[in-house]
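In: Next input, structure requested:
(one chain, ligands or ions: 1)
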Amino acid sequence: MQVRLQTQNTYRGIVDCMVKTYRHESLLGFFKGMSFPIASIAVVNSVLFGVYSNTLLVLTATSHQERRAQPPSYTHVFIAGCTGGFLQAYCLAPFDLIKVRLQNQTEPRAQPGSPPPQYRGPVHCAASIFQEEGPRGLFRGAWALTLRDTPTLGIYFATYEWLCRQSTPDGQNPSSATVLVAGGFAGITSWVTATPLDVIKSRMQMAGLKQREYQGMLDCMVSSARQEGLGVFFRGLTINSARAFPVNAVTFLSYEYLLHSWG
Ligand SMILES: C[N+](C)(C)CCCC[C@H](N)C(=O)O
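Out: From the prediction side, this is the model:
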């Protein structure tokens, strides 16, 4: 939904977008482009959390167990988060591009005799982009994605740490409930700050298709704001935040759980 709201101008809001998607494409319309991101979550999150915790290890020279007694500074947490964000962006870029392209296909389900959709599925989509736009085509919008994720993942981990420390007595591990709530709010904070660049990123990824071509990120920002007003930078905010809470609550709970069980 958020991709469609951000890149198309045919919807009046979330409800309108949902109703139209359902009418046109049935329930399946809500799951377009989903199989690939699910497969990519494992890869992308292990890069993100792996780089984050190893950077923190290098910066603070304390292991995870020692860290409860000697908590790392927020600057270190932020830098480690940014490093993780920077590196995961490159793994995420092609997966995210394919998701955005597939989710923007609004054709109804194939009926006999009707022309097939441009992309038949994630693999076909990747192959067509490779053929039509070259190998670099798979990294379209990657810079916008990197700019979106580097600072906002720093914010993500710093918010998480701060919230955990607020509700945990010194030297103790946060409870599962704390981890869930802190993770959820960290996700929301991160998405709120990431949304303006998320809109630009999605539009750059769609360029090169039938949508207009942009000279670069700045051109995309300026022309979007000129044509649609500053509100354009907040498209998809509600839906991103609503999705962010449960997703990131579970993400952090799994992370903490794995760290403890590996000792
Ligand atoms: C940095 N940015 C806000 C884009 C993402 C932050 C959270 C990442 C998580 N995998 C999710 O999908 O919610």
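
In: Give me the contacts around the helix or strand hosting L259.
Out: Here L259, judged by DSSP states H and E, is contained in helix 237-261. When contacts are defined by Cβ atoms under 8 Å, 6 or more residues apart in numbering, helix 237-261 is touched by residues 1-2, 5, 14, 45, 49, 53, 64, 156, 160, 173-174, 176, 179-188, 190-192, 194-195, 198. Heads up, the C-betas are built off the backbone N, CA and C, glycines and all.

In: Just the buried positions in it, please.
Out: 237, 239-241, 243-245, 248-249, 251-253, 255-256 (16 or more other Cβ atoms under 10 Å).

In: One more: stretch 207-226?
Out: 207-209, 214, 217, 220-221, 224.

In: what's the most distant pair in the residues you listed?
Out: Pairwise distances across the buried residues of stretch 207-226 peak at 19.3 Å for L209 and M221 (criterion: Cβ to Cβ).

In: before we move on, the earlier item: and the contacts of helix 237-261, which of them are in helices?
Out: Secondary structure from DSSP state H places 2, 5, 14, 45, 49, 53, 156, 160, 176, 179-188, 190-192, 194-195, 198 of those in helices.

In: filter those residues down to the ones near the ligand?
Out: Subset of the ones in helices among the contacts of helix 237-261 in contact with the ligand: 156, 187, 190-191, 194, counting by Cβ under 6 Å from any ligand atom.

In: farthest pair in these?
Out: Greatest spatial distance in these: G187 and A194, 10.3 Å, computed using Cβ to Cβ.

In: Quick one: low-confidence residue ranges for the stretch 101-250 of the chain.
Out: Along the stretch 101-250 of the chain, segments meeting pLDDT under 70 span 107-114, 209-212.

In: Kindly report the residues of it close to the ligand.
Out: Within the stretch 101-250 of the chain, the positions adjacent to the ligand are 148-149, 152-153, 156, 187, 190-191, 194, 244, 247-248 by Cβ under 6 Å from any ligand atom.

In: so can I have CSV of those showing distance to F31?
Out: Compiled in CSV, these are given as follows (distance: Cβ to Cβ, whole Å):
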residue, distance to F31
R148, 24
D149, 25
T152, 26
L153, 27
Y156, 26
G187, 21
S190, 25
W191, 21
A194, 23
A244, 19
V247, 16
N248, 21
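
In: out of those residues, which is most surrounded?
Out: Y156 (32 neighbours; other Cβ atoms under 10 Å).

In: Pull the contacting residues for that one.
Out: Y156 touches 81, 85, 186-187, 189-190, 248, counting by Cβ under 8 Å, 6+ apart.

In: Once you drop chain neighbours, what's closest to it?
Out: Ranked by Cβ to Cβ, 6 or more residues apart in numbering and with sequence neighbours excluded, the top spatial neighbour of Y156 is S190, at 3.9 Å.

In: show me what contacts the one you found?
Out: Here S190 is in contact with 152-153, 155-156, 159, 244, 248 (Cβ under 8 Å, 6+ apart).

In: Q105 against Q118, yeah?
Out: Yes. With contact defined as Cβ atoms under 8 Å, Q105 reaches Q118; the gap is 6.5 Å.

In: any idea which helix or strand carries the residue in the stretch 1-150 of the chain that the ligand sits nearest to?
Out: Closest contact between the stretch 1-150 of the chain and the ligand, by Cβ to the nearest ligand atom, is at D149 (4.7 Å). In the assignment (DSSP H and E), D149 maps to helix 142-166.
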